[in-house]
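K.L.:
Fold the following.
(one chain, ligands or ions: 1)
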Amino acid sequence: MKTDSKQSYNDRNPLVVIASNRGPFSFTRDDDGEYSVERGSGGLVTALGALAEQHEVVWVACAMQPDDRQWQADWQAEHPDEVAQVEGIYLTLVTPDQTSYDQYYGEISNPLLWFIQHQMWDIPRHPSITRETRQAWTEGYLEINREFAEAIAESVKQTLADGERPIIVLVQDYHLYMVPKYLREIVGDTIQVQHFLHIPWPGPDVWRILPKDMRNALLDSMLLADRLGFQTKRDAFNFVQTCRFYLEGAHSRGSRDSIHYQGRKIKAHAYPISIDIKKVDQLAQEGETQLYKSQILNIIGDRKLILRVDRIEPSKNMIRGLKAFQALLEDHPEHVGRVSMVALLVPSRMEVGEYQDYWRDVMAEAGFINSQFSDGLWEPVRILVGNNYPRALAAMQLYDVLLVNPIADGMNLVAKEGALLNQRDGVIILSEDAGAYYELGEQTLTVSPFDVDGMAQAMHSGLTMSQDERHERSAALKEIVRSADVREWFYAQVQDALTASTNQDSSDSTSETPVTKKSASSRTA
Ligand code: GDG
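P.N.:
Numbering: from 1, shown residues only. Model (predicted):
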């Protein structure tokens, strides 16, 4: 694998910096000290690939495993003043010590912030903010966010040929709330900072769980960005309300999507994320995917298929989904033996106690339904566990009903992939608490994630809907998804930042001057 040093720079504008916990590449070192690189497959990585064709891109991420750390150390030892270039992208890995990383990731980001933002607490018992939590906050979360800011500033310095180009820093997600603050301390107002939240932003009430000092630190830092990006308008509105509620001196002046604070106006904008249409289409056609299609057809035979595809994650609401399926079979015996529920589940965070408990309960519920209804030939629920994206894409082509019922979800890309790929005019049952609801909701059967009975009824409606209606809905969903590729999501953000950086008096400007120009992004949720 070749990693190039800084090459001749041209005057392509702007310099775009992505900062995210997980990076686009992972490294493996062989016995001779040579590195091979593997590119991640997520939408963000793909979208970035497209972005990198047009702009110079620097990606700053955390080293995830020892070989990543070693790669960064080796590079730095040989090229102390240069940023490595991997497959056309400048890459810097932050290499915190393991204890800090565990505190930042395993004590603050995931158990605390993720749980708050997905409202997953069993409130009488959890969470408890302890001495250890505060220690993890200071020594882990703040520390690593500071390291990120330093790495961003350093990478920009090393990558930038001159000081004339706009610099846009796109900070990703809840791991990095404190980056805007630390970055401003180093570079001041010379760069555009946008922070995008992939996960939901709940209303003010939920944030009372976080102690005031932590809460205000997060909000203060986020408001040092020039713009906050959310999946939906609802998240943006909730953010504005949260700032108004908790921060002295924060006002919305009647706006639902901007906040005035300490002499600046900060925009909270919806940039609904999407999928890489071309790539998903292409993967769905590949031989491996077609083989899995046959495998799934073997499982379901001539029965109808209710499908779900999720990480094993309590916020995805699998247990209520199973209970709804059970209610369907009890209330509508005509479906017994004629429909199978297949759940494709990807292991995730299985080292966390709550996730293990949840998983045990999912399996128990599925076992109970199978023992109640199985007739020896037909097993009502099939749970297939594993990291197998081609199999997921195969199954999405075959569902009659796709169940997407999260308790809370920033967007939910399965709903979009399913809509794109399905070949049976399948119906999507969609939670009103998934971000995707704001784009797809009119053509799906909408449910409350708590309403087991409602979900059972929606399953029945989906299974018995007329062919015409199924076709109409399915065609409309395909069109909605096809109209917005993930590249546009990135471009809209870069465009808005560029507009703001070149028009200091634009609507997105951080100054308090009157609004004279309109934001460049066209799509909202
Ligand atoms: C965050 C937010 C937001 C399915 N099986 C496998 C597999 N998949 C794919 C799906 C889909 C993706 O993984 C999961 O999509 P999510 O939307 O749930 O995304 P997350 O990364 O979990 O989460 C979420 C998203 O960010 C984007 O902003 O939509 O709300 O929580 O594409 O088809 N992928 C792999 N193996 C599988 O077996 N690798």
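K.L.:
Tell me which residue in the stretch 151-300 of the chain sits closest to the ligand.
P.N.:
Nearest to the ligand, among the residues of the stretch 151-300 of the chain, is H198, at 3.6 Å (Cβ to the nearest ligand atom). The way it works is simple: take the backbone N, C-alpha and C, and place the C-beta from them, glycine included.
K.L.:
Nearest residue to K181 in space, please, no chain neighbours.
P.N.:
Closest residue to K181 apart from its sequence neighbours, by Cβ to Cβ, 6 or more residues apart in numbering: S221 at 3.7 Å.
K.L.:
buried set for stretch 127-136?
P.N.:
Across stretch 127-136, burial judged by 16 or more other Cβ atoms under 10 Å covers 133, 136.
K.L.:
related to what we said a few turns ago, these two touch, right, the residue nearest to K181 and L176?
P.N.:
No: counting by Cβ atoms under 8 Å, S221 stays clear of L176, with 9.4 Å between them.
K.L.:
Which neighbours do those two have in common?
P.N.:
Counting by Cβ atoms under 8 Å, 6 or more residues apart in numbering, S221 and L176 have no common neighbour.
K.L.:
Just the CA atoms of the helix or strand hosting the residue nearest to K181, as CSV, please.
P.N.:
If you go by DSSP states H and E, S221 is part of helix 212-222. Written as CSV, here are the backbone C-alpha positions of helix 212-222 (Å, rounded to 0.1, in the frame of the first residue of the first chain):
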residue,chain,number,x,y,z
LYS,A,212,-25.5,21.3,34.3
ASP,A,213,-21.8,21.7,33.9
MET,A,214,-21.6,19.0,31.3
ARG,A,215,-24.7,20.1,29.5
ASN,A,216,-23.7,23.7,29.3
ALA,A,217,-20.2,22.8,28.2
LEU,A,218,-21.7,20.8,25.3
LEU,A,219,-24.1,23.4,24.2
ASP,A,220,-21.6,26.3,24.5
SER,A,221,-19.1,24.4,22.4
MET,A,222,-21.7,23.5,19.7
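K.L.:
What average pLDDT does that helix get?
P.N.:
For helix 212-222, the mean per-residue pLDDT is 98.
K.L.:
Within the sheet, what are the partner strands of the helix or strand following that helix, with directions?
P.N.:
Downstream of helix 212-222, the next assigned helix or strand under DSSP H and E is strand 227-230. Partner strands and pairing direction for strand 227-230 (DSSP bridges) are strand 192-196 (parallel), strand 264-270 (parallel).
K.L.:
Contacts (any at all) between the ligand and the longest one?
P.N.:
By that I understand strand 264-270. No: Strand 264-270 is not in contact with the ligand by Cβ under 6 Å from any ligand atom; minimum separation 12.5 Å.
K.L.:
returning to that earlier point: hey, which of the strands paired with strand 227-230 is tucked in deepest?
P.N.:
Of all these, strand 192-196 carries the top mean neighbour count, a mean of 25, counting by mean count of other Cβ atoms under 10 Å.
K.L.:
what angle do that strand and helix 212-222 make?
P.N.:
Note on geometry: by axes from the mean of the first three to the mean of the last three Cα atoms, to 10 degrees, strand 192-196 and helix 212-222 are set 130 degrees apart in direction.
K.L.:
Output the below-cut-off pLDDT ranges for the protein.
P.N.:
Counting by pLDDT under 70, the chain has low-confidence residues at 1-12, 41-43, 46, 161-163, 503-525.
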